[in-house]
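Student: Fold the following, please.
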Amino acid sequence: MPHVEIAHLTYVLPDGRPLLNDVSFRIGEGVKAALVGPNGAGKTTLMRLISGDLQPVEGSVAHSGGLGVMRQFIGSIRDSRTVQDLLISVAPQRVREAAGRLHDAELAMMERDDEKTQMRYAQAITDYTDAGGYDIEVLWDTCTMAALGAPYDNVKYREVNTLSGGEQKRLVLEALLRGPDQTLLLDEPDNYLDVPGKLWLEQALRETPKTVVLVSHDRQLLANAADRIVTVESGNIWVHGGGFATYAEARKERNERLDELRRRWDEEHAKLKRLVVMLKQKATYNDGMAPAYHAAQTRLRRFEEAGPPEVAPKDQLISMRLRGGRTGKRAVICENLELTGLMKPFDLEVWYGERVAVLGSNGSGKSHFLRLIAGETIRHTGTAKLGARVVPGHFAQTHARPELHKRTPCEIVMTEHARLKNEAMKALARYELAGSIAEQRFETLSGGQQARLQILLLELSGATLLLLDEPTDNLDLASAEALQEGLDAFAGTVLAVTHDRWFAADFDRYLVFGADGRVYEAPEPVWDEARVTRQR
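Tutor: The predicted structure follows:
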């Protein structure tokens, strides 16, 4: 019976800060449970505790049915250089271990071909067979056909970094949903999926009999696929037994109830303290009041030892001040532009102040287009140039910022933008990245915290053209709303690749990268490009 059970779990961060405090919950057979909460509240950490990547200070974690895990940044999984490596990394443990021994034996055969090495290689092949390795490769063939449109043998040595973020996610999801593990942990599985991919995922989650725990910030996916909402905030966890449609009202009622319980506790606490003071005064001149005084002291002590009720979590207050600046009338000019092998030549003019959403299926070249505009070396023909006084600022889709690793947000802001420490901390505070978060290394931040830091760096850079590649994917609801408000006030031009149906609704223009290689504009967001093509 596949399930996940957490009992009295406590986890403290390496710097000594408590993150989760005595939390307990159970996800039963076949349940689709979504972890939600502010960025940095501990959702990914909780997933890592369940998977065994981290160990709690106290408490226990139990699961059954085999455990399949999709981590938040799958493209950065250590040693996952090829499609084969990536699929092995999400295979059952026996297959992973046998594949590792087979790989080592193959390397040994390349170095020397003696009898001992041959015997080791033969044994490794037998172990891989017994573990189900060759059987699962048949399954992987189905997965690569569904995700990449090619047989496994044709793509197994393809480098993972040549796949788009959506292709990587779809491939891993296919492998996990079709694989033997009956309990799945999916950390932001919808990130980088196009809308047809999200619709496929919603249906797959509804249909699978597996127990699934997922992290997602996509409200539509949560509404369509999750039947339990597990909230992680302020070090605590609470479970809403209904779906996402009733979650907001349930959270509001819970917080109001917690506020009322705390108000009553404070009133009773104050009342008991006044009683103790009064009885103490009377006991000084009336020995007969001493027993009542001691009894009141005992009552107050026990009341305080029991502690106050849980405090309702505070809402996030994020203020993004994306300023921009005046540029030439034409901000981006593309003439007969073709990204080699990805699209047909097209022309484009983007005017100062416009908000252009770049839409289309995964692998169609959207991210490459933004990287080219940002100044990276991307193979192309034709021209793509910026207008006068246009300063591009690029938000990277997969947060691939190796230059920020091993540095704290405070150090990054001070170094990159010549800010004094108090100025840096004030800027970080507006993005809820101050305090202890400001002293964490970039790679230890949550996906949403990394995203907010990237947006802050864009703000401080003085960029007048924002090139945003899936900016809302790792942002919680409050952060995404703050970004939208920041873009509304931004005096510049915005090009954003997005599969976020809510985020795209406020844009002025929609540039669609079609499945047939055409690039065209549409008056409204286009999520099913094939349907629009047939109409045309």
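
Student: Distance check, the most centrally placed residue in the chain against residue 133.
Tutor: Nearest to the geometric centre of the chain sits residue 474, at 4.1 Å (Cα atoms, centre = their mean). Counting by Cβ to Cβ, to the nearest Å, the gap from residue 474 to residue 133 is 34 Å. C-beta: built from backbone N, CA, C; applies to glycine.

Student: Direction included, what does the helix or strand harbouring residue 349 pair up with?
Tutor: Take DSSP states H and E as the rule and residue 349 turns out to sit in strand 346-351. Looking at strand 346-351 with DSSP bridges, its partner strands are strand 330-339 (antiparallel).

Student: Keeping just the C-alphas, turn the partner strand into PDB.
Tutor: Extracted C-alpha coordinates of strand 330-339, given in PDB (Å, rounded to 0.1, in the frame of the first residue of the first chain):
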ATOM      1  CA  ARG A 330      12.300  50.700 -31.500                       C
ATOM      2  CA  ALA A 331      13.700  48.500 -28.700                       C
ATOM      3  CA  VAL A 332      14.300  45.300 -30.700                       C
ATOM      4  CA  ILE A 333      14.600  44.800 -34.400                       C
ATOM      5  CA  CYS A 334      14.800  41.400 -36.100                       C
ATOM      6  CA  GLU A 335      15.200  41.100 -39.900                       C
ATOM      7  CA  ASN A 336      15.000  37.800 -41.600                       C
ATOM      8  CA  LEU A 337      16.100  36.200 -38.400                       C
ATOM      9  CA  GLU A 338      16.500  32.400 -38.200                       C
ATOM     10  CA  LEU A 339      17.900  30.400 -35.300                       C
END
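
Student: Identify the residue spatially nearest to the residue nearest to the centre of the chain, adjacent ones excluded.
Tutor: Leaving aside its chain neighbours, residue 474 sits nearest to residue 447 (3.6 Å; criterion: Cβ to Cβ, 6 or more residues apart in numbering).

Student: and the residue lying closest to residue 165 once chain neighbours are set aside, what is it in contact with?
Tutor: Setting aside the residues directly before and after it, residue 165 is nearest to residue 192 in space (Cβ to Cβ, 6+ apart), at 3.2 Å. Counting by Cβ atoms under 8 Å, 6 or more residues apart in numbering, residue 192 makes contact with 164-166, 168-169, 362, 397-398, 470, 473, 499.

Student: Residue 192 falls within a helix, correct?
Tutor: No - if the criterion is DSSP: H, G, I helix; E, B strand; the rest coil, then residue 192 is coil and not within a helix.

Student: Renumber starting at 17 from here on
Tutor: Understood, numbering begins at 17; the last thing we discussed is residue 208.

Student: and it, what are its phi and psi?
Tutor: Phi and psi for residue 208, reported as degrees, to the nearest 10, are phi 70, psi 0.

Student: So it versus residue 383, what's the distance?
Tutor: Plainly put, residue 208 is 9 Å away from residue 383 if you go by Cβ to Cβ.

Student: again with residue 529
Tutor: Residue 529 sits 10 Å away from residue 383 when distances are taken as Cβ to Cβ.

Student: Report the secondary structure state of the residue nearest to the centre of the chain.
Tutor: Local secondary structure at residue 490 is given as coil here, using three-state DSSP.

Student: Could you pull up the contacting residues of it?
Tutor: So residue 490 contacts 55, 88, 204, 207, 233, 415, 462-464, 466-467 (Cβ under 8 Å, 6+ apart).

Student: Tell me who's in contact with residue 522.
Tutor: Contact analysis of residue 522 by Cβ under 8 Å, 6+ apart lists 371, 500, 503-504.

Student: Quick one: which of these is the most crowded by neighbours?
Tutor: residue 503 (22 neighbours; other Cβ atoms under 10 Å).

Student: Look at it and tell me its secondary structure.
Tutor: Per three-state DSSP, residue 503 ends up helix.

Student: That one and residue 509 touch, don't they?
Tutor: No - in this structure residue 503 lies outside contact range of residue 509 using Cβ atoms under 8 Å: 10.7 Å.

Student: what's the burial count for residue 52?
Tutor: By other Cβ under 10 Å, 24 other residues sit near residue 52.

Student: How much space separates it from residue 255?
Tutor: Remark: distance between residue 52 and residue 255 (Cβ to Cβ) = 11 Å.

Student: so what's residue 36 closest to, chain neighbours aside?
Tutor: residue 27 (4.5 Å).

Student: Report the buried residues of the strand or helix carrying that neighbour.
Tutor: According to DSSP H and E, residue 27 maps onto strand 19-28. Within strand 19-28, the residues that qualify as buried are 19-20, 22, 25, 27, counting by 16 or more other Cβ atoms under 10 Å.

Student: Select the longest helix from the chain.
Tutor: Longest helix in the chain, counting residues (DSSP state H): helix 263-299.

Student: Report the buried residues of that one.
Tutor: Buried, per 16+ other Cβ under 10 Å, within helix 263-299: 263, 267, 270-271, 274, 288, 291-292, 295, 299.

Student: Starting from it, tell me the next helix or strand along the chain.
Tutor: Immediately after helix 263-299, counting by DSSP H and E, sits helix 306-322.

Student: I figured residue 187 hits residue 179, correct?
Tutor: Yes - taking Cβ under 8 Å as the definition, residue 187 is a contact partner of residue 179 at 7.3 Å.

Student: low-confidence ranges in the stretch 267-416 of the chain?
Tutor: Under the criterion pLDDT under 70, the flagged ranges of the stretch 267-416 of the chain are 413-416.

Student: returning to that earlier point: for the residue nearest to the centre of the chain, give its distance to residue 411.
Tutor: Plainly put, residue 490 is 11 Å away from residue 411 if you go by Cβ to Cβ.

Student: Touching both of these two, which residues are there?
Tutor: residue 467.

Student: Run through who's touching stretch 164-179.
Tutor: 91, 96-103, 153, 156-157, 159-161, 183-184, 187, 379.

Student: Show me which residues of stretch 162-176 are buried.
Tutor: 163-164, 168, 171-172, 174, 176.

Student: actually stretch 422-436, sorry about that
Tutor: 423-430, 433, 435.

Student: can I get those residues in TSV with distance to residue 191 and secondary structure?
Tutor: As requested, the buried residues of stretch 422-436 are exported to TSV (distance: Cβ to Cβ, whole Å; DSSP: H, G, I helix; E, B strand; the rest coil):
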residue	distance to residue 191	secondary structure
423	34	coil
424	36	coil
425	35	helix
426	40	helix
427	38	helix
428	36	helix
429	39	helix
430	43	helix
433	42	helix
435	45	coil
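
Student: Nearest to residue 398 among those residues?
Tutor: residue 433 (34.4 Å; Cβ to Cβ).

Student: Can you give me the separation between that closest one and residue 426?
Tutor: 12 Å.

Student: quick one: least confident helix or strand in the chain?
Tutor: helix 545-551 (a mean of 45; mean pLDDT, DSSP states H and E).

Student: how near is the nearest residue to residue 326 once chain neighbours are set aside to residue 244?
Tutor: Closest residue to residue 326 apart from its sequence neighbours, by Cβ to Cβ, 6+ apart: residue 274 at 5.7 Å. Separation of residue 274 from residue 244 (Cβ to Cβ): 20 Å.
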